[in-house]
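1. The sequence isn't on hand, but the structure is:
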């Protein structure tokens with residue numbers, strides 16, 4: 001069984017901003033057998049919104065962002081959210097990420113802001129940084 005994870009928006013944007021680092025390596029590995037990402041409509045909308053606002057920093061056009069997101073949607077586990085049990089996290093704006101992880105049976109949320117997901121472990125989900133996750137699957141961190 002393939003491990004399923006959720007990428008927090010900050011990891012997605014970090015991967016677009018720089019071709020160096022663990023975030024970019026994770027993004028480039030999506031669609032391979034190492035792991036599967038889970039997405040929801042609200043998370044995809046957030047990816048798109050933030051990435052397009054960061055256009056000058058990423059050197060990607062709106063069309064490029066659309067193509068990347070289309071690819072992610074084509075290979076991801078698309079999770080419908082049928083429950084809302086907010087707030088759980090200290091920043092309620094992060095709860096939708098946790099909802100995807102719970103609904104999709106993910107073991108990990110990959111984020112640069114691990115502390116924002118304090119409490120996710122009560123639901124069986126670990127928040128880890130991109131390098132830590134790469135190390136756990138045998139990728140370089």
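-> Arrived safely. Predicted model, so just to flag it, every value in this text is computed and none were measured. Residues are numbered from 1 along each chain as shown.

2. gap between the lowest-mean-pLDDT helix or strand in the chain and the chain center?
-> Ranked by mean pLDDT, DSSP states H and E, the weakest helix or strand in the chain is helix 55-58, scoring a mean of 89. Offset of helix 55-58 from its chain centre (CA atoms, centre = their mean, to the nearest Å): 19 Å.

3. same for it, what does it pack against?
-> Applying 3 or more CB pairs under 8 Å, 6 or more residues apart in numbering; DSSP states H and E, one finds that helix 55-58 contacts helix 9-17, helix 62-75. The way it works is simple: take the backbone N, C-alpha and C, and place the C-beta from them, glycine included.

4. Quick one: these as JSON lines, columns for mean neighbour count, distance to residue 29 and mean pLDDT too.
-> Shown next, in JSON lines, are the helices and strands packed on helix 55-58 (neighbours: other CB atoms under 10 Å; distance: least, CB to CB, whole Å; pLDDT from 0 to 100):
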{"stretch": "helix 9-17", "mean neighbour count": "21", "distance to residue 29": "10", "mean pLDDT": "96"}
{"stretch": "helix 62-75", "mean neighbour count": "14", "distance to residue 29": "11", "mean pLDDT": "97"}
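
5. do you know which of those lies nearest residue 24?
-> Closest to residue 24 of these is helix 9-17 (CB to CB; 4.5 Å).
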